[in-house]
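Colleague: coords please:
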Amino acid sequence: MNEGILSRLIEDCRGATDASDPIAAVRVALGRVVANIEAALAEVPAFEGEDHVLHREPTLSVFLVRQSPNTAGPPHDHGMSAVIAMLDGVEIHRHYRRGADGVALDREQTLAPGELLALTPSDVHAIANPDGTSSIGVHVYLGDIVGNERTLWDPQSGAAMAFTVQDYERMVTPYH
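Modeller: Next up, the predicted model:
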């Protein structure tokens, strides 16, 4: 990537990892991206699948996440702080609370282009796309999201299991 808005985002987020309040610093960096969504979308490369890694190191992961139309992912945690910025389309974030019998839906929050969402390491959420077109967001994780142990919950039974991409993809359902 050249000196575009997404390259600047990565550099800003790398600096944010050393800030006294990394989440606030990442929010500021993503705020610059959503202030110029058209430029950011122009830099989004063509990619297959749901995720595209823009940057990955032990203290920071930056992904483009495309949610397929009319789909809902299963509840999961990240085990680290994260900030999400919507670039295109809509994502419904379903927030869950943990309990003795698994997780239960607590609330839903809809993110539209330009909106941000911060998640703590213990937050459990799921992403759904109610629209007929794909959504795309920038997900910034304060750690190595690929190498981190995480938890996934079966949306039917609520049973917890170790997160794997294969299990996550198997549990994606049509949106309802």
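
Colleague: please count neighbours and contacts with C-alpha atoms only from this point.
Modeller: Will do.

Colleague: tell me where the chain has helices.
Modeller: 5-16, 22-34, 37-43, 165-171 (DSSP state H).

Colleague: what's the offset of the longest one from the middle of its chain?
Modeller: Between the centre of helix 22-34 and the centre of its chain there are 14 Å (CA atoms, centre = their mean, to the nearest Å).

Colleague: circling back: among the helices of the chain, which is nearest Leu111?
Modeller: Evaluated over these, closeness to Leu111 peaks at helix 22-34, with 12.4 Å, by CA to CA.

Colleague: for this structure, what are the low-confidence residue spans?
Modeller: 1-2 (pLDDT under 70).

Colleague: now render the helices of the chain as JSON lines, adding mean neighbour count.
Modeller: JSON lines is the format used below for the helices of the chain (neighbours: other CA atoms under 10 Å):
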{"stretch": "helix 5-16", "mean neighbour count": "19"}
{"stretch": "helix 22-34", "mean neighbour count": "20"}
{"stretch": "helix 37-43", "mean neighbour count": "15"}
{"stretch": "helix 165-171", "mean neighbour count": "13"}
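
Colleague: out of those helices, which comes closest to His76?
Modeller: The nearest among those, by CA to CA, is helix 165-171 at 8.6 Å.

Colleague: tabulate the helices of the chain (a markdown table), appending distance to Asp131.
Modeller: Listed next are these as a markdown table, based on distance: least, CA to CA, whole Å:
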| stretch | distance to Asp131 |
| --- | --- |
| helix 5-16 | 26 |
| helix 22-34 | 21 |
| helix 37-43 | 19 |
| helix 165-171 | 19 |
